[in-house]
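Novice: Okay, predicted coordinates and the sequence, questions at the end:
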Amino acid sequence: MRVFNCEACGHLIYFDSLQCVHCGAAQAFLPDQLRVGILPPSSTTSDASPNYLTARYRPCAHRHNISLCNFAIEASDPNPLCVSCRQTEWLPDSSNPANELRWAKIEVAKRRLFYTLAKLGLLDPHGHRVPEPRFSLLADIPGSTPVMTGHASGMITLNVVEADDDERARRRLALREPLRTLIGHLRHESGHFYWDQLIAHSAWLEPFRALFGHENLDYAQALQQHYNKDPLDTRWRQSAISAYATSHPWEDWAETWAHYLHMVDLMETAANYSTSITVPDIPSSGPQLICNPLGNEPLDFSVMQAQWVPLTLLHNSLNRSLGLEDAYPFSISAMAWDKLRFVHDLIGDYRQKSGFAVPAL
């Protein structure tokens, strides 16, 4: 994600910063402006400095608990929670300290998802103009049916145990997944939400079926067949972004959608750090700057595609230098690229027709 600068002293701060480590100024992310600004010393303090967000904003009610939410709320909004926190409608048993910590980790990932969706024009930063997903964060109860992560009728359910690194790694290995992260889960499930919003009853349905397959395929049976497959069979690489994507057209879509969000977020981060890299597929006299797909002007998908491969090679090489596994363990086939382009074109079409304006930075 992009980085910001403290408006009091100019020092580097981050998307989720609560305080500038250089001057101590309290920081808050402003959803309606998609930037980080300065909060006054207290919510009741009035300050004449034009840098302070005195009358227009107040901190989210979850700023001072374990969630450490740094989102601000417009003063005219009666809701005590920010536009991201209020999306969470169900929480796990808070008497268990482990659940409190799990909830806090998930909310961090949720805020990052909110930012990306807002930058793509899919969420209203004010929180009331367009449909948005709701979240149910639940924990398993002994003797009851385990909580299954998934989406239904606008509600994204996440088993909070996924916030535990050891449990998430165990499941990743058991399911032979190359990557399993909290933000990846949320991006995947948001794909199911936006399939309902952008494709299900639109002119994009038939093009979707031509590329991903017919969604009326029996879902439960398709998943059962998937889990009965030989886990070492790699033929899925010819047509999909992951093995799980081949289980059903809905899952192919959600995996592709999540991967597109991976792309735009990583490229925005690289662009914000002015990353320059040699792009073999684009003729040039020298290295090129990575472009920002979340900028104010739409970015052609062919540019994203050409820059993505060398960027991920660099990312993996940096990881290997530290003795870590590849951060990006994927190889994208021609058909998978076509599906990613479909996501790109769909989002672009939605933004153009909705007239949704993303705040310029």
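Specialist: Okay, I see it.

Novice: residue contacts, the spatially closest residue to Asp124 that is not a sequence neighbour?
Specialist: Leaving out its chain neighbours, the residue that sits closest to Asp124 by Cβ to Cβ, 6 or more residues apart in numbering is Val130, at 5.0 Å. (C-beta placed from N, C-alpha, C; glycine too.) Taking Cβ atoms under 8 Å, 6 or more residues apart in numbering, we find Val130 in contact with Leu122, Leu123, Asp124, Ser354, Phe356.

Novice: Now, those that are in helices?
Specialist: Per DSSP state H, helices hold the following members of the contacts of Val130: Ser354.

Novice: Name the nearest of the contacts of Val130 relative to Phe208.
Specialist: When the contacts of Val130 are compared for distance to Phe208, the smallest value, 17.0 Å, is given by Leu122; criterion: Cβ to Cβ.

Novice: ok, the nearest residue to Thr278 once chain neighbours are set aside - contacts?
Specialist: If you skip the residues right next to it in sequence, Thr278 has Pro287 as its closest partner in space, 5.0 Å away by Cβ to Cβ, 6+ apart. Remark: with contacts taken as Cβ under 8 Å, 6+ apart, Pro287 is in contact with Ser276, Ile277, Thr278, Val279.

Novice: and if we set it to 7 Å?
Specialist: With contacts defined as Cβ atoms under 7 Å, 6 or more residues apart in numbering, the neighbours of Pro287 are Ser276, Ile277, Thr278.

Novice: Which single one of those is nearest to Ile347?
Specialist: The nearest member of the contacts of Pro287 to Ile347, counting by Cβ to Cβ, is Ile277 at 24.7 Å.

Novice: Okay, now the unreliable bits of the stretch 251-361 of the chain?
Specialist: Within the stretch 251-361 of the chain, the stretches falling below the threshold (pLDDT under 70) are 280-285, 355-361.

Novice: Could I get the full set of strands for the stretch 1-150 of the chain?
Specialist: In chain order, the stretch 1-150 of the chain shows strands spanning 4-5, 12-13, 27-30, 35-38, 57-59, 72-74, 88-90, 134-138, 150-152, with DSSP state E, counting those that start in this stretch as the criterion.

Novice: Of those strands, which is nearest Leu117?
Specialist: Taking Cβ to Cβ, strand 134-138 is the member of these nearest to Leu117, at 12.9 Å.

Novice: hang on, the earlier thing: mind putting the strands of the stretch 1-150 of the chain into a markdown table with distance to Glu297 and mean pLDDT?
Specialist: Conversion of those to a markdown table gives the following (distance: least, Cβ to Cβ, whole Å; pLDDT from 0 to 100):
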| stretch | distance to Glu297 | mean pLDDT |
| --- | --- | --- |
| strand 4-5 | 20 | 94 |
| strand 12-13 | 25 | 95 |
| strand 27-30 | 22 | 96 |
| strand 35-38 | 18 | 93 |
| strand 57-59 | 28 | 92 |
| strand 72-74 | 27 | 93 |
| strand 88-90 | 33 | 95 |
| strand 134-138 | 31 | 96 |
| strand 150-152 | 32 | 94 |
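
Novice: Read off the pLDDT value for Ser42.
Specialist: At Ser42, the pLDDT value in this model is 56.

Novice: And for Lys119?
Specialist: 94.

Novice: Check the burial of the residue lying closest to Gln288 once chain neighbours are set aside by counting its neighbours.
Specialist: With Cβ to Cβ, 6+ apart as the measure, Val279 is the residue that lies nearest to Gln288, at 5.3 Å, once sequence neighbours are left out. Counted by other Cβ atoms under 10 Å, the residues lying close to Val279 total 19.
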